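**Student:** just to be clear, the model below is a prediction. Sequence and coordinates:
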Amino acid sequence: MSAPDYFQVFGLAPKLALDLADLEQRFYRLSRESHPDRFQRATPAERERSLDASAILNDAYRTLRDPILRAEYVLKRLGLPADSKQVPPELLEEVFALNEALEGHNAAQLKAGRSHFEALRAETDLELQSLFAQFDEGDLAAPERIRALLNRRRYIMNLLQTAAHV
Amino acid sequence: MSDLLQIDFGEHGASPVIGIDLGTTNSLAAFMDLSGPVVIPGEDGERLVPSVVYRSPAGEIVVGNAARRMLIDDPSRTVYSVKRLMGRGVADVADELKLFPFRIAPDSDAVIRLDLGERTFTPPEISAFILIQLKKNAEAYLRQAVTQAVITVPAYFNDAQRQATKDAGRIAGLEVLRLVNEPTAASLAYGLDKRNDGIVAVYDLGGGTFDISILKLHDGIFEVLATNGDTHLGGDDIDNRLLRIALEDVASEWGEDPSRNGSLVQTLRRAVIDAKERLSFGPRATIDLDWQGRKYQREIAREQFETLIRNIVDRTLGPCRNCIEDAGLTPEQIDEVVLVGGSTRIPLVRQAVENLFRARPHTDLNPDEVVALGAAVQAGILTGAVEDKLLLDVTPLSLGIETMGGVVSKLIHRNSTIPASATETFTTAVDGQKNVLIHVLQGERELVKDCRSLARFDLKDIDPLPAGAPRIEVRFLIDANGILSVTARDERTAKEQSIEVKPSYGLTDNQVEAMIQESYAHAAEDIRERQVREARLEADQILAALEKARAHDAWGEMTPTEQVLIERALNELLTVYHSEDHELIRAHIELLNQTTMRLAELMMNAAVRTALKGKTI
């Protein structure tokens, strides 16, 4: 069982910028074709195939409709999986500041931290969007840069979660 | 004659698939008629079958309204609200036991066993009794054998609770074609898709469970965006609150503790429920108890009642807000709200829903019946009778595996459309290791101890290789019922890897199989008994008819030989009358029929002559 190509499932070219309305229409159409409900009175083999196909369709839709999951999926297939261990160096200072605020139970500082991280995330998302476009145009440097940004984004999200759960 | 009774169900000619709402308080079945889904009434003509099971000292099982009456006459042999125990272990239900008169048998282990007189039964077996009753009702109503069903479950039911429901179906002799989530089923029954595309929230507060589901409707597709809930929150909790007050009252007024008297508690519980139901339609109601000549009364005003239950109602709002957030929406974006479940008749509940969603909820369909009707629509989708609709449901809880340090690594996130799958590669930690144990859990928390253990999967017979060399690819698949299956494959050899499944809660396949065998044995016994009884009834009828005929003039017209032959056939029938062989009895009825044919003819002629004579006068 080789890993299915999620773009191929939808008959789409592997692009990072997708038309979500179009993706949804394709998802609904393919669901009607492959869903197990349609194969209740079919042979066991056909039923198994339908279960398998609709599971893959659903997995593919879940991955592709979310721009971040979509990018992670594409990069993983390019041999650039997520790296969660390394702290992006430019964020080190923010991490220290957050820890300080956490230890000191400084509510005002935490609140400021939260809105700061929110701003960082929005900034990253904007940057990602333009990189996605460059990727789709065939820019060979784009994947590495997207990888670094996605790692950074993931880290910011962790910081946000930490700041929110106190 | 039986040909006339045969009704042709649809162009498919296949046996009907019924939809079943197996509820905490009431259960009911529905089927897809040519005009739409229709509720199947019970033997007593009532549409709702109370989910109450009574077992008589003779071992006879009674289900429904008759069993509900036994709750008062013989509470120690009667069970209600068994749905609360489905797929749960003894430790899970410690809290319930304080409020419900469940009698847990000491031999309970991963599965609870309930004492019902001389025998113990698991919750799936007790649910199976309810399903058997619904199946019987459907067969009597449709005049056809029913072997397949769609059964609804709370959307927030976990894997073990779903599996237990499926087991109940199997034990009852029903092939469960699909488990459908109750709120989703309700949305199918409403046919909201016909009106327009949009976002719909279904708020389902039943007897024991609460669900909230948010759906996107588009061109016949019912896509669930998110679901949330609480499988232990419902009308039962409201009843228990009122009951506690009433018990305290009675204790102080009568000067004795009533809580040990099962029959009294159940009578009081009934009185409390009556008062609760009346409070939905009037500003005040009285709890009215009359027990063996002793009386207790207490008037409750609507405001008092609302203060009493407000925090129960409020407990539904958190799941609602989480669900809206998970769907990526704000309350304003929800176009319509549908109310399901008997507890949504309570004005305070309606008000809370209106405040949260800022929309007047739909209540046009009976909240007690809408789920079963939706299950019948889903049955129609499965048989092909309903072609335009398709339900895309989600899994309510995240699925993960235990990793180092007791941490759960999530593989399939909650609210993923089902069927859903995830693949993970496992290897060994020491040289020559032959087994790998995978612990699968359900829940949203990070640590194993805070999630619900689902099962342990043992990958067996791994080729002995250096640590880290084997690569076993494991696929976790949640099917359209929301039930997990696991397959594994050795990546090097591409061979299927054998797995042993140890469910943490619930019955093993062998246990279910044994229960099915037992129920078949009982069913065969039941059928034999019924056939014998029917044959004797028929014999009684012909014997009585012959008795009359011998006093008739026509008897004198018979030749002596004919009379002897009839006497002989009559005596033979009397000899076999008490045999347990219904075919033997029927054969002799037939013989007597044959020998009395001319007698019957003569009597008929005489009757016609009398009638004609009457006319000429």
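**Tutor:** Perfect, thanks for sending it. These figures come from a predicted structure and were not determined experimentally.
**Student:** what is the lowest-mean-pLDDT helix or strand in chain A packed up against?
**Tutor:** Lowest by mean pLDDT, DSSP states H and E among the helices and strands of chain A is helix A:92-103, with a mean of 74. Secondary-structure packing of helix A:92-103 (3 or more C-beta pairs under 8 Å, 6 or more residues apart in numbering or on different chains; DSSP states H and E): helix A:107-136, helix A:142-164. All C-beta spots, glycine's among them, are computed from the backbone N, C-alpha and C.
**Student:** identify each buried residue in it, please.
**Tutor:** A:E94, A:L98, A:A101 (16 or more other C-beta atoms under 10 Å in any protein chain shown).
**Student:** returning to what we had before: what's the most buried one of the helices and strands packed on helix A:92-103?
**Tutor:** Stretch with highest mean neighbour count among these: helix A:142-164 (a mean of 18; mean count of other C-beta atoms under 10 Å in any protein chain shown).
**Student:** got the contact list for that one?
**Tutor:** Taking contacts as C-beta atoms under 8 Å, 6 or more residues apart in numbering or on different chains, the residues outside helix A:142-164 that touch it are A:16, A:68, A:71-72, A:75, A:78, A:80, A:82-84, A:86-88, A:90-91, A:94-95, A:98, A:101-102, A:110, A:113-114, A:117-118, A:120-121, A:124-125, A:127-128, A:131-132, A:134-135.
**Student:** repeat that with 6 Å
**Tutor:** Helix A:142-164 has contacts (C-beta atoms under 6 Å, 6 or more residues apart in numbering or on different chains) with A:71, A:75, A:78, A:80, A:83, A:88, A:91, A:98, A:110, A:113-114, A:117, A:120-121, A:124, A:128, A:131, A:134-135.
**Student:** now do stretch A:99-110
**Tutor:** Counting by C-beta under 6 Å, 6+ apart, A:G113, A:A163 sit against stretch A:99-110.
**Student:** what's the answer for stretch B:366-378, then?
**Tutor:** So stretch B:366-378 is contacted by B:19, B:21, B:28, B:30-32, B:37, B:39, B:150, B:152, B:180, B:182, B:185-186, B:188-189, B:339-342, B:344 (C-beta under 6 Å, 6+ apart).
**Student:** the residues you listed in helices, which ones?
**Tutor:** Using DSSP state H, B:E182, B:A185, B:A186, B:L188, B:A189 are the members of the contacts of stretch B:366-378 that sit in helices.
**Student:** is it possible to export those residues to JSON lines including neighbour count?
**Tutor:** As requested, these are exported to JSON lines (neighbours: other C-beta atoms under 10 Å in any protein chain shown):
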{"residue": "B:E182", "neighbour count": "29"}
{"residue": "B:A185", "neighbour count": "32"}
{"residue": "B:A186", "neighbour count": "33"}
{"residue": "B:L188", "neighbour count": "27"}
{"residue": "B:A189", "neighbour count": "25"}
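**Student:** quick check: closest non-adjacent residue to B:L397.
**Tutor:** B:Q442 (4.4 Å; C-beta to C-beta, 6 or more residues apart in numbering or on different chains).
**Student:** my bad, should have said B:A375
**Tutor:** Per C-beta to C-beta, 6+ apart, closest to B:A375 is B:G19, 2.7 Å.
**Student:** who does that neighbour form a beta bridge with?
**Tutor:** B:A30, B:V150 (DSSP bridges).
**Student:** wait, doesn't it sit right on B:L382?
**Tutor:** No: applying C-beta atoms under 6 Å as the test, B:G19 and B:L382 come out as separate, 10.0 Å apart.
**Student:** show me which of these two is the more surrounded one.
**Tutor:** Taking other C-beta atoms under 10 Å in any protein chain shown, B:G19 and B:L382 do not tie; B:G19 has more neighbours (33 against 22).
**Student:** show me the contacts for that one.
**Tutor:** B:G19 touches B:A30, B:V150, B:A372, B:A375, B:A376, B:A379, counting by C-beta under 6 Å, 6+ apart.
**Student:** from B:N481, how far out is the second one?
**Tutor:** In this structure, B:V150 and B:N481 are 10 Å apart, going by C-beta to C-beta, to the nearest Å.
**Student:** looking at these two, which is more packed in?
**Tutor:** Counted by other C-beta under 10 Å, B:V150 and B:N481 do not tie: B:V150 has more neighbours, with 29 against 23.
**Student:** my guess is the more buried one contacts B:R178. True?
**Tutor:** Yes: using C-beta under 6 Å, B:V150 is in contact with B:R178, at 4.8 Å.
**Student:** need the contact list for the spatially most central residue of chain A.
**Tutor:** Residue closest to the mean C-alpha point of chain A, counted by C-alpha atoms, centre = their mean, is A:L69 at 1.7 Å. By C-beta under 6 Å, 6+ apart, A:L69 lies in contact with A:T63.
**Student:** angle of the helix or strand harbouring it against helix A:107-136?
**Tutor:** In this structure, A:L69 sits in helix A:67-77 according to DSSP states H and E. Using axes from the mean of the first three to the mean of the last three C-alpha atoms, to 10 degrees, the direction of helix A:67-77 lies 60 degrees away from that of helix A:107-136.
**Student:** quick one: helix A:67-77 to chain centroid distance?
**Tutor:** Centre-to-centre, helix A:67-77 and its host chain are 6 Å apart (C-alpha atoms, centre = their mean, to the nearest Å).
**Student:** buried residues in it?
**Tutor:** Within helix A:67-77, the residues scored as buried using 16+ other C-beta under 10 Å are A:P67, A:R70, A:A71, A:E72, A:Y73, A:V74, A:L75.
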